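Trainee: This is the structure alone, sequence omitted:
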């Protein structure tokens with residue numbers, strides 16, 4: 001039951017972030033982003049790229065960003081809100097592992 005509750009909270013946060021992105025009026029009109037969660041120096045954020053092209057473009061992207069190196073570590077295209085739940089969980093695990101490695105003095109792996 002706890003796992004279902006956690007999944008529902010993640011889905012709700014993703015849906016709220018998507019609505020926030022759609023309502024964003026400031027910043028670059030071609031790229032908009034909103035933070036989903038920050039885990040020490042790592043941030044998981046949702047990005048939307050405006051496009052004039054049609055076709056099978058993703059609804060949004062999920063990105064794992066490292067504020068220590070100011071670099072994107074990983075991104076994933078999401079065509080539906082439900083796609084983002086698994087990506088979010090994967091990126092949270094990856095961020096926690098990277099932070100644990102950083103605390104123990106291990107060099108990040110690419």
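Mentor: Ah, there it is. Every value quoted in this text rests on a predicted model; they were computed, and no experiment measured them.
Trainee: Tell me which strands the host helix or strand of residue 33 pairs with, and in which orientation.
Mentor: Under DSSP states H and E, the secondary-structure element containing residue 33 is strand 31-39. Within its sheet, strand 31-39 is paired with strand 42-49 (antiparallel), according to DSSP bridges.
Trainee: What's the first helix or strand after the strand it pairs with?
Mentor: Read in the C-terminal direction, the helix or strand following strand 42-49 is strand 60-66, with elements assigned using DSSP H and E.
Trainee: helices or strands next to that following strand in the packing?
Mentor: Here strand 60-66 touches strand 42-49, strand 71-78, helix 83-103, going by 3 or more Cβ pairs under 8 Å, 6 or more residues apart in numbering; DSSP states H and E. In short, each C-beta sits where N, CA and C put it, glycine included.
Trainee: now the angle from the last one to strand 71-78?
Mentor: This points to helix 83-103. Interaxial angle of helix 83-103 relative to strand 71-78 (axes from the mean of the first three to the mean of the last three Cα atoms, to 10 degrees): 160 degrees.
Trainee: Run a quick neighbour tally on residue 88.
Mentor: The burial metric for residue 88, expressed as a neighbour count using other Cβ atoms under 10 Å, is 24.
Trainee: Now it. Nearest residue, chain neighbours left out?
Mentor: The shortest distance from residue 88 to any non-neighbouring residue, by Cβ to Cβ, 6 or more residues apart in numbering, is to residue 10 (5.7 Å).
Trainee: Backbone torsions only: list them for residue 70.
Mentor: Main-chain torsions, residue 70, degrees, to the nearest 10: phi 60, psi 40.
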